[in-house]
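Trainee: okay, predicted coordinates and the sequence, questions at the end:
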Amino acid sequence: MRDSNFLLENNARHLWHPMAHPAEMRKNPPRIVAAADGVEIVDVHGQRLLDGVGGLWNVNLGYSCDPVKQAIRDQLEDLPYYSAFRGTTTSPLIELSYELAEWFREDGLVRSFFTSGGSDSVETALRLARQYHKLNGQPERTKFIALKKGYHGTHFGGASVNGNSNFRRAYEPLLPGVLHLPAPFTYRNPFNTADGAEIAQAIARQFEEEIAFQGADTIAALIMEPVLGAGGVIVPHETFMPLMRAICDRHGILLIADEVITAFGRTGAWTGSRLWGVKPDLICTAKAITNGYFPFGAVMIAQKVADVFEGNDSSLGSIGHGYTYSGHPVGAAAALATLKETKRLNVAANAAERGEELLAGLVRLQEKHALVGDARGKGLMCALELVSDRSSKTSASKQVVQKVYDTAYEAGVMVRTSGANIILSPPLVITAEHVNRILSALDAGLSAAA
Ligand code: PLP
């Protein structure tokens, strides 16, 4: 590998990073990650860090998952690529759709449509939702409802339903006919209460009012994350998603669960929807489906939706959508091996147990450090929200957040910052000792930043 000065200089000169300002690369250079094994990464200077971020919410099984690596190698040897567009298919893809139908049987999802990542999965689900209504004799149902603080990737459809203006403003105008409800957020909400059940009811009322105002017959789908991830790990009250499902049912609106982060165990349940006892019409997955080792995703489709498509023999029923890499055979092989390991290691149970320990530790940090305004999480997706003043809930400055990050890094733990939030989404195979390492690095960071 080239030396770090060469790498950083050329990174600044030639490379634009996602979610970063291109002019910032010299002032605030990225860390160069050179290697990884187990649940640790190693930077270009040789420093080892426990990966509190799990790649980007995706490396659920850690970096040494040999069965997945081997499946990728084998598939590259046997058939490195072939298309799944009309006329051809491949064996790993068929096997994977069979496995996924098993995996999602309890959620009532019976068909797969493959993609190359989360944004593709969201785009696919939004399109299928509109097409469903056209095929179902309700072509006026074109609008989408989403949640503020929701994140649904970066295609124009996903950006349009995103609930954070940072991902919208520079790219407007976005899709017309997208409406946003408040986030089910106990720490910050417009309802003047911290009671999750009350907040859920208040949002449900707004949803009903919006439907009455817009006309149910104009609305295609509600898209939501069962636990909001990139928006700062917002865990709704247990009544929230069931309430949303019931309203969708009453008004013929499809429910799209964006489970790009939550599918495959992260919340402590195998899907976020299952966590809340909800059966969505479409589920978007990606990320952990290949343990992050290959770009891949799948949209899972309910019987009700499948019936409408499969029962329609007009040309409108044909899926005029898909990617060159919709069902890449190497990705499918990686996903098959990942699902097998995910099940064998029962990572959802570990996510639930370690998640409880992590959240309890974060609450202790909140009690100890005035800088922590809120500590929240479900399973192994957690966040600390940093404030400069607890009573006004004024967000901590960029410098303070950076100090916590830098100190945790020096202490050997990688965390992620997003605004004033410290986000944690470690691999689901971490141990109690790893949880303690994360907590003591954060303790050191919060002390240093105070
Ligand atoms: N949806 C959710 C809930 C996500 O968290 C993400 C990415 O973090 C996406 C969609 C977009 O996925 P990708 O970055 O793979 O396109």
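Mentor: Sure, I can see it.

Trainee: burial of Phe156, as a residue count?
Mentor: For Phe156, the count of nearby residues is 13 (other Cβ atoms under 10 Å). For every residue, glycine as well, the C-beta is placed using N, CA and C.

Trainee: please apply the same query to the one 3 residues further on.
Mentor: The criterion is other Cβ under 10 Å. On that basis, Ala159 has 22 neighbouring residues.

Trainee: ok, now Glu106?
Mentor: By other Cβ under 10 Å, the residues close to Glu106 number 12.

Trainee: relative to Ala306, how far out is it?
Mentor: According to Cβ to Cβ, to the nearest Å, Glu106 and Ala306 sit 17 Å apart.

Trainee: secondary structure element for Ala12?
Mentor: helix 4-14 (DSSP states H and E).

Trainee: wait, a helix at Ala352?
Mentor: Yes: note on Ala352: a helix contains this position according to DSSP: H, G, I helix; E, B strand; the rest coil.

Trainee: doesn't Gly377 make contact with it?
Mentor: No: under the criterion of Cβ atoms under 8 Å, Ala352 lies out of contact with Gly377, with a separation of 11.4 Å.

Trainee: point me to the residue of this structure nearest the ligand.
Mentor: In the chain, the residue found nearest to the ligand is Gly118; the distance is 2.0 Å by Cβ to the nearest ligand atom.

Trainee: mind checking pLDDT for that residue?
Mentor: Gly118 is assigned 98 on the pLDDT scale.

Trainee: ditto for Met1
Mentor: So, for Met1, pLDDT stands at 84.

Trainee: what's around it, how many residues?
Mentor: What Met1 shows, counting by other Cβ under 10 Å, is a neighbour count of 9.

Trainee: check contacts around it.
Mentor: The neighbours of Met1, taking Cβ atoms under 8 Å, 6 or more residues apart in numbering as the test, are Leu7, Ala34, Val44.

Trainee: which among those end up buried?
Mentor: Restricting those to buried positions leaves Leu7, Val44, with burial counted as 16 or more other Cβ atoms under 10 Å.

Trainee: tell me the one among the contacts of Met1 nearest to Pro67.
Mentor: Among those, Ala34 lies closest to Pro67 (Cβ to Cβ), at 23.9 Å.

Trainee: pretty sure that closest one is in a helix, no?
Mentor: No: residue state for Ala34 (three-state DSSP) corresponds to strand; a helix is not indicated.

Trainee: what's the separation between the residue lying closest to it once chain neighbours are set aside and His14?
Mentor: Using Cβ to Cβ, 6 or more residues apart in numbering and skipping the chain neighbours, the partner closest in space to Ala34 is Val44 (4.7 Å). In this structure, Val44 and His14 are separated by 17 Å, where distance is defined by Cβ to Cβ.

Trainee: also Val347?
Mentor: For Val347, the distance to His14 equals 38 Å [Cβ to Cβ].

Trainee: of the two, who's got more company?
Mentor: Comparing Val347 with His14 by other Cβ under 10 Å, the one with more neighbours is Val347, at 27 against 8.

Trainee: dihedrals phi and psi, Lys224?
Mentor: One thing to correct before we go on: residue 224 is Met, not Lys. Geometry field for Met224 lists phi and psi as phi -150, psi 150, criterion degrees, to the nearest 10.

Trainee: Phe114 too?
Mentor: When quoted as degrees, to the nearest 10, the phi and psi of Phe114 stand at phi -90, psi 150.
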